[in-house]
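J.: Kindly return the folded structure for what I paste below:
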Amino acid sequence: MSVIRELAAGETAVAFDAMRELRTDLESVDEFVGRVNEVQRREGYRLVGSFEPDVDHAVAVAGFRTGHALAFDHYLYVDDLVTMKAHRRRGHADALMTWLLEESERLGCSQLHLDSATHRYGAHAFYLSHGLVIPSFHFARYVG
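T.: Modelled structure (predicted):
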């Protein structure tokens, strides 16, 4: 049985192994902790992890924030959601998604949003199975 809990700033490092499977550009735990704690947490980013007994790090993690927008009212945005490959199909992502949906309701959000890369078909099926819809396309342009 997994245990879901929010990670305080002093615990950010326990999310690194799972997060690195999604964010492969992260080179070190120190870089990850610095980016999360010194930049993203200051902007409202929060981390929640799923833990298995006898494992000292999170085997699945979600990073999220809340915001307000004219298009979405008050919303919860999921930046990151990943389960380590060795721990998949054990209910961790389901538990995290349930936690995120409950947290969005607890905070009075009217919507939950996330983006998923176009090639992540398994993730798309997972999101659709949890009641998420594809209401729009997300466009981006790299600058600089």
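
J.: now the residue most central in space within the chain, what's its secondary structure?
T.: Geometric centre of the chain, nearest residue: Ala62, 2.5 Å, by CA atoms, centre = their mean. At Ala62 the chain is in strand, as set by DSSP: H, G, I helix; E, B strand; the rest coil.

J.: Could you shift the numbering so residue one becomes 27, and keep it that way?
T.: Taking 27 as the first residue, the last one we looked at is Ala88.

J.: Identify the bridge partners of it.
T.: Val74, Leu107 (DSSP bridges).

J.: pretty sure it contacts Leu107?
T.: Yes: the pair Ala88 / Leu107 is scored as a contact, 4.7 Å apart, by CB atoms under 8 Å. All C-beta atoms are positioned from the backbone trio N, CA, C, and that covers glycine.

J.: what residues are shared contacts of the two?
T.: In terms of CB atoms under 8 Å, 6 or more residues apart in numbering, Ala88 and Leu107 are both contacted by the residues 122-123, 126.
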